[in-house]
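Trainee: Coordinates only, no sequence provided:
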């Protein structure tokens with residue numbers, strides 16, 4: 001399978017569909033739900049920069065660097081965020097799931113768990129990946145807890161890894177799930193979703 005394909009992935013709580021410029025108005029509204037763009041430890045676009053952010057993601061996809069999706073909540077068909085595959089190393093069958101943001105009203109609802117189950121199923125079962133990474137800012141404790149709750153294991157911390165937009169230096173926490181762990185991780189995610197329903 002093509003590592004750069006963007007299939008529509010459908011679940012009971014959310015679906016993932018290929019990102020397009022047509023999503024800009026909905027995502028502009030979604031990013032204002034909880035004022036996500038004000039989080040200092042995350043790179044989330046300002047509402048007025050949403051179209052530019054989508055264009056950047058689409059250009060990176062055209063260049064073969066990322067695969068972007070919009071996250072659509074099933075209950076009201078609202079676009080509530082975005083997610084991507086990035087750091088794609090198809091020749092080594094590994095990549096990262098990241099650059100994800102989800103509106104505040106959709107957080108804690110099981111939606112993120114289902115989105116990650118859809119993406120992990122795609123990359124392990126369709127793309128035959130051997131490892132999937134997740135990366136986050138050291139200070140993004142909520143993200144770190146959510147990644148660990150997926151069943152990912154912390155590989156380490158890349159100290160002084162990124163120069164942040166405010167001039168500070170970001171330490172990056174790296175997690176991963178490897179292919180032999182996937183069956184157990186999948187059962188754990190399915191159980192979490194079963195309990196939530």
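Mentor: Nice, I can see it. Quick caveat: nothing in here was measured; it's all calculated off a predicted structure. Residues are numbered from 1 along each chain as shown.
Trainee: what residue ranges in this structure are flagged as low confidence?
Mentor: Judged against pLDDT under 70, the low-scoring parts of the chain cover residues 1, 197.
Trainee: which residues of it fall in helices?
Mentor: Secondary structure of the chain (DSSP state H): helices at 24-32, 50-62, 111-121, 141-150, 182-196.
Trainee: Grab the nearest non-local neighbour of residue 113.
Mentor: Using Cβ to Cβ, 6 or more residues apart in numbering and skipping residues adjacent in sequence, the residue nearest residue 113 is residue 192, 5.4 Å away. (C-beta placed from N, C-alpha, C; glycine too.)
Trainee: no wait, residue 133
Mentor: Using Cβ to Cβ, 6+ apart, the nearest residue to residue 133 is residue 96, at 4.2 Å.
Trainee: For that neighbour, give me its contacts.
Mentor: The contact partners of residue 96, taken as Cβ atoms under 8 Å, 6 or more residues apart in numbering, are 85, 86, 87, 88, 132, 133, 134, 135.
Trainee: Residue 72 now?
Mentor: Contacts were defined as Cβ under 8 Å, 6+ apart; by that measure residue 72 touches 14, 15, 16, 17, 78, 79, 80.
Trainee: Can you list which of these are found in strands?
Mentor: Helix and strand membership here follows DSSP state E; of the contacts of residue 72, those in strands are 14, 15, 16, 17, 79, 80.
Trainee: Just the closest of those to residue 28, please.
Mentor: Distance to residue 28 across these (Cβ to Cβ) is lowest for residue 79, with 9.7 Å.
Trainee: how many other residues sit next to the closest one?
Mentor: Counted with other Cβ atoms under 10 Å, residues neighbouring residue 79 total 21.
Trainee: Let me see the contact set for it.
Mentor: Applying Cβ under 8 Å, 6+ apart to residue 79 gives the contacts 23, 26, 27, 30, 70, 71, 72, 73.
Trainee: residue at max distance from the center of this protein?
Mentor: Computed with Cα atoms, centre = their mean, the maximum C-alpha offset from the centroid of the chain is found at residue 167, amounting to 24.6 Å.
Trainee: beta partners of residue 14?
Mentor: Beta-bridge pairing of residue 14 under DSSP bridges involves residue 73.
Trainee: scratch that, residue 95
Mentor: Partner residues in beta bridges with residue 95: residue 132, with DSSP bridges as the criterion.
Trainee: So it sits against residue 89, correct?
Mentor: Yes. Counting by Cβ atoms under 8 Å, residue 95 does reach residue 89; the two are 6.5 Å apart.
Trainee: re the thing from before, quick check: the two most widely separated of the ones in strands among the contacts of residue 72?
Mentor: Distance extremes for the ones in strands among the contacts of residue 72: the farthest pair is 17 and 80 at 12.1 Å, using Cβ to Cβ.
Trainee: Neighbour count: those two, which is higher?
Mentor: Legend: neighbour count by other Cβ under 10 Å for residue 17 and residue 80, higher for residue 80 (27 against 16).
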